[in-house]
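Enquirer: Build the 3D model from these lines:
(2 chains)
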Number of protein chains: 2
Amino acid sequence: MTPSPPGRPTVLVLDAEPLPRLGRLTGRARIEHTDAATLAERLPGADVLLVWDFPTDAVREAWPGEGPRPRWVHTASTAVDHLMCPELTASDTVVTNARGIFEQSVAEYVAGLVLALAKDLPRTWDLQRDREWRPRAVTRVAGTRACVIGSGPIGRATARTLKSLDVTTSIVGRVPLTGIHGPADLDRMLARADWVIAAAPLTERTYRMFDTRRFGVMQPSARFINVGHGALVDEEALAAALSKRWIAGAALDVLRQEPLPADSPLWRVPGLLLSPRMSGNTVGLHDELSRQFVELYTRWEARKPLLNVVDKRRGYVPGH
Amino acid sequence: MTPSPPGRPTVLVLDAEPLPRLGRLTGRARIEHTDAATLAERLPGADVLLVWDFPTDAVREAWPGEGPRPRWVHTASTAVDHLMCPELTASDTVVTNARGIFEQSVAEYVAGLVLALAKDLPRTWDLQRDREWRPRAVTRVAGTRACVIGSGPIGRATARTLKSLDVTTSIVGRVPLTGIHGPADLDRMLARADWVIAAAPLTERTYRMFDTRRFGVMQPSARFINVGHGALVDEEALAAALSKRWIAGAALDVLRQEPLPADSPLWRVPGLLLSPRMSGNTVGLHDELSRQFVELYTRWEARKPLLNVVDKRRGYVPGH
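Expert: Numbering: from 1, shown residues only, chains lettered A, B, ... in the order given. Below you'll find the predicted structure:
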């Protein structure tokens, strides 16, 4: 038995569950698990914080104001808004995210929702339950128009997948770039879209950006899909837009409050499909997330620059 | 008012509904409508039969044995098995079908079913009805394997669409060709497929080809989808395969008996999704089918060779 070298970095894992693949760090790191209750007392002694339990507000609440703190925080998620607080933003602690893991899964999920809505599958399965044979004409998605809000990897992967189904797809991002519209074009794109796909990170500019006014801009035949962040949407405004038939349907895979309480009126809004954050939740995900952390750790211990470094003020990994 | 030329061909339309676009044939054809009850007495006087009412057995039952008969029969469907009888096959009457209209719609429908099953959408919407928030891990379709049975335009369009979702897709046809497996490979392809897609025409060789033995060859994780013809499937064998968990799920868009009677046990087979022939039933379909007939009629009256000519013995339009 080789004794562990002295001075191994301490990796604090915010989650009680054992993780796959962290065994690869045996002898290279001291892996310690913690939960939200003990996080504040253990953070000062940690070199690295791995936020595995997503979503949680524990980091923001426990982050030390001054003094010793982890030099690196990695979150096994794309979103970082649940971590960020002024002290973390101001510090020299590096924050990284799980960019690269969720893109294809989310793109497929959006394509699945688009096709399911176009082909009226929810209604077909309701009719099956009632033993009713009722043929209806459905929509061909080829030639319809989608507007994807969010120009990050998830938005771009989603646009690529929709284009492969011959959907005419535009992306709206925070700044205009080649092939990406800027915010000034947003309302014009919304007004002609058959599919509006929210895939943006939560920032001050995207908070509740889908509000009464924006649902009013959309076509009566439009369907709205949110795989970005629950707080992008004013859910009451969406429910009202659906019940007034301002838009034809919606699917939310992320919600303001999760789990959604059983007494929430959202469960039964006509034309609203809900799913419990399934778009990125694929078989094998934990293994991929762990492998990604081990790769980043290997760079970090070799003093190589980290990848997936989040711009803490903006709230996402910048650049394409 | 120009009087119609004498000797205009008579186009007999098997369907009571007025059709879009046939007005273009004003002065060029005598359009007459009939129904199944009067078809037999009117067929001998018709030059062209347009079978609009699909599916129907009326043509097979009314087709004259000898003597005058239409020189051309067009069906507004891909399948022709509902028309064919020995007298029609032996005659010099040309049969054409609606090849070119349904391919993309059916391909999209199959992609929608594949994604809906991979993402467990039916279960998610059941849970929504029960106000239950239950996140589960779902399947990424990229990298899974599909086997499409049927190398005609619908099978090939379906394969193209699945490939665009990064599904590894093979086609099995009646004869091996470049990029298409022959029947000798079928069982081997079925044994490794995550998705088995039936998109073949009904012929003597495909009748009930999906039987107990073939469901037994498939993987326990496989899903079976039929958009080809109801009679390709032994439905009792499929129901048994599902209930014994030989395969993980199935979706039938075509059935042996349509409409499916309310007392059929198929409505409630666990893991079986039913839809009433929706895959090709798109908004604007009747207009497209009518336009196609007018185009074919324009060739026919100019004595140009018809397109979409069915090989009456094989039961489909041969060639790629």
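Enquirer: which stretches of the stretch 1-150 of chain A form helices?
Expert: A:36-42, A:58-62, A:86-90, A:103-118, A:121-129 (DSSP state H, counting those that start in this stretch).
Enquirer: Assign a three-state SS to whatever residue of the stretch 201-320 of chain A ends up closest to chain B, would you?
Expert: Nearest residue of the stretch 201-320 of chain A to chain B (C-beta to the nearest C-beta) works out as residue A:259 at 3.8 Å. C-beta here means a position set from N, CA and C on the backbone, and glycine is covered the same way. For residue A:259, the assignment made with DSSP: H, G, I helix; E, B strand; the rest coil gives coil.
Enquirer: Go ahead and confirm it touches residue B:131.
Expert: No - contact criterion C-beta atoms under 8 Å: residue A:259 and residue B:131 do not qualify, at 10.4 Å.
Enquirer: what about the closest residue to the residue of the stretch 201-320 of chain A closest to chain B other than its chain neighbours, how many residues close to it?
Expert: Of all residues not flanking residue A:259 in the chain, residue B:133 sits nearest, at 3.8 Å (C-beta to C-beta, 6 or more residues apart in numbering or on different chains). Counted with other C-beta atoms under 10 Å in any protein chain shown, residues neighbouring residue B:133 total 18.
Enquirer: Same check on residue A:27?
Expert: Using other C-beta under 10 Å: residue A:27 sits among 11 other residues.
Enquirer: can you tell me the helix or strand for the residue nearest the centre of chain A?
Expert: Nearest to the mean C-alpha position of chain A, by C-alpha atoms, centre = their mean, lies residue A:228 at 4.8 Å. Under the criterion DSSP states H and E, no helix or strand holds residue A:228.
Enquirer: quick one: contacts for it?
Expert: A:149, A:150, A:154, A:198, A:199, A:200, A:201, A:202, A:206, A:254 (C-beta atoms under 8 Å, 6 or more residues apart in numbering or on different chains).
Enquirer: With residue A:82 instead?
Expert: For residue A:82, counting by C-beta under 8 Å, 6+ apart, the contacting residues are A:54, A:55, A:56, A:57, A:59, A:60, A:75.
Enquirer: same thing but at 7 Å, please
Expert: A:55, A:56, A:57, A:60 (C-beta atoms under 7 Å, 6 or more residues apart in numbering or on different chains).
Enquirer: any chance you could map the strands in chain A?
Expert: With DSSP state E, the ranges of strands along chain A come out as A:10-14, A:30-34, A:48-51, A:72-75, A:94-96, A:145-149, A:168-172, A:195-198, A:223-226, A:249-252, A:272-274.
Enquirer: Nearest to chain B, out of the ones you listed?
Expert: Judging those by C-beta to the nearest C-beta, what sits closest to chain B is strand A:272-274, at 5.1 Å.
Enquirer: Using JSON lines, please lay out the strands of chain A together with mean pLDDT and distance to chain B.
Expert: Output for these, formatted as JSON lines (pLDDT from 0 to 100; distance: least, C-beta to the nearest C-beta, whole Å):
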{"stretch": "strand A:10-14", "mean pLDDT": "95", "distance to chain B": "19"}
{"stretch": "strand A:30-34", "mean pLDDT": "94", "distance to chain B": "22"}
{"stretch": "strand A:48-51", "mean pLDDT": "96", "distance to chain B": "18"}
{"stretch": "strand A:72-75", "mean pLDDT": "97", "distance to chain B": "18"}
{"stretch": "strand A:94-96", "mean pLDDT": "97", "distance to chain B": "23"}
{"stretch": "strand A:145-149", "mean pLDDT": "98", "distance to chain B": "14"}
{"stretch": "strand A:168-172", "mean pLDDT": "98", "distance to chain B": "13"}
{"stretch": "strand A:195-198", "mean pLDDT": "98", "distance to chain B": "14"}
{"stretch": "strand A:223-226", "mean pLDDT": "98", "distance to chain B": "13"}
{"stretch": "strand A:249-252", "mean pLDDT": "98", "distance to chain B": "9"}
{"stretch": "strand A:272-274", "mean pLDDT": "98", "distance to chain B": "5"}
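Enquirer: quick one: residue A:172 from residue A:151, how far?
Expert: The gap separating residue A:172 from residue A:151 is 7 Å, by C-beta to C-beta, to the nearest Å.
Enquirer: Ok, residue A:58 next?
Expert: Separation of residue A:58 from residue A:151 (C-beta to C-beta): 30 Å.
Enquirer: now residue A:69
Expert: In terms of C-beta to C-beta, residue A:69 sits 32 Å off from residue A:151.
Enquirer: Neighbour count: the two, which is higher?
Expert: residue A:151 (23 against 20).
Enquirer: need the residues of the stretch 151-300 of chain A near chain B, please.
Expert: A:164-165, A:259-260, A:262, A:267, A:273-278, A:281-283, A:285 (C-beta under 7 Å from any C-beta of the partner chain).
Enquirer: contacting residues for the closest residue to residue A:179 other than its chain neighbours?
Expert: With sequence-adjacent residues excluded and distances taken as C-beta to C-beta, 6+ apart, residue A:179 is closest to residue A:171, at 7.0 Å. By C-beta under 7 Å, 6+ apart, the contact list for residue A:171 reads A:148, A:151, A:155, A:156, A:159, A:179, A:180, A:181.
Enquirer: 10 Å instead?
Expert: A:146-152, A:155-156, A:158-160, A:177, A:179-181, A:189, A:197, A:199 (C-beta atoms under 10 Å, 6 or more residues apart in numbering or on different chains).
Enquirer: again with residue A:99
Expert: A:77, A:78, A:152, A:153, A:154, A:292, A:307, A:308, A:309, A:310, A:316, A:317.
Enquirer: Any of those residues buried? List them.
Expert: Among these, those buried by neighbour count (16 or more other C-beta atoms under 10 Å in any protein chain shown) are A:77, A:78, A:152, A:153, A:154, A:292, A:308, A:309, A:310, A:316, A:317.
Enquirer: which of the residues in stretch A:277-290 are buried?
Expert: A:277, A:278, A:279, A:280, A:281, A:282, A:285, A:286, A:288, A:289, A:290.
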